[in-house]
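**Q** Okay, predicted coordinates and the sequence, questions at the end:
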Amino acid sequence: MTFRFCPQCATELQWIELQEDGGPKSRLRCPACDFTHWNNPTPVLAAVVECVDQQGQVLLARNAAWPMPFYGLITGFMEAGETPEEGIRREVLEETSLEALGCSLIGVYDFQKKNQVIIAYHVPARGTVKLSPELVDYTLTPPAQLECWPAGTGHALADWLRSRGIEPRWMPPRS
């Protein structure tokens, strides 16, 4: 979210450099009331969903808001008061109707394009896939046939594949 005006006093924000713990830092600040827009990254949860009822195939889904025919991991935002593990179990259930049988951390990934920090998990799950309205399609793919994408959650998928002894294959760059 980009702020233009102070949410406390409605004065237009300005880029003001001040001394902080790590040295001088320029941030959007209010010259009238000293409000600072910190612009901290948002935590996003991601799941490599392994469908145990489908011979361990991985579920990739297509978001209705995506402009291109791209399939990716199940993702979502943490809710206040939940742990990342609780959040990813909730997201998998909400978005796919699958029951998470566990979750193990794959890693934490920087996604500066959207000012996010991705916390990725491997989630073995079972049940019948029924997508939420925000998802329009899904695929089930054997791990050895997956192709990783060179951004965000694609790095988590690659790390998960390596942990299974599978060298990741990468999608060709888009032109």
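**A** Everything's here; your move.

**Q** Okay, and residue 155 sits in which element?
**A** Under the criterion DSSP states H and E, the helix or strand holding residue 155 is helix 153-163.

**Q** Buried residues in that helix, which are they?
**A** 153, 154, 155, 156, 157, 158, 159, 160, 161 (16 or more other CB atoms under 10 Å). Where you see a C-beta, it was placed from the backbone N, CA and C, and this is true even at glycine.

**Q** CA atoms only for that helix - export them in CSV, please.
**A** What follows is helix 153-163 as a C-alpha-only set of coordinates in CSV (Å, rounded to 0.1, in the frame of the first residue of the first chain):
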residue,chain,number,x,y,z
THR,A,153,7.4,-19.2,-4.5
GLY,A,154,9.2,-20.9,-7.4
HIS,A,155,12.4,-20.9,-5.3
ALA,A,156,10.5,-22.6,-2.5
LEU,A,157,9.4,-25.3,-4.9
ALA,A,158,12.9,-25.7,-6.1
ASP,A,159,14.2,-26.1,-2.6
TRP,A,160,11.5,-28.7,-1.8
LEU,A,161,12.4,-30.7,-4.9
ARG,A,162,16.1,-30.6,-4.0
SER,A,163,15.2,-31.9,-0.5
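
**Q** Use 530 as the first number for this chain going forward.
**A** Right, with 530 as the first residue, what we last looked at is helix 682-692.

**Q** how far away is the most centrally placed residue in the chain from residue 664?
**A** The geometric centre of the chain, computed from its C-alpha atoms, lies nearest to residue 573 (CA atoms, centre = their mean), at 4.1 Å. According to CB to CB, to the nearest Å, residue 573 and residue 664 sit 16 Å apart.

**Q** picking up where we left off before, the helix holding residue 684 - contacts with which helices or strands?
**A** Using 3 or more CB pairs under 8 Å, 6 or more residues apart in numbering; DSSP states H and E as the contact test, the elements touching helix 682-692 are strand 571-580, strand 633-640, strand 645-655, strand 676-677.
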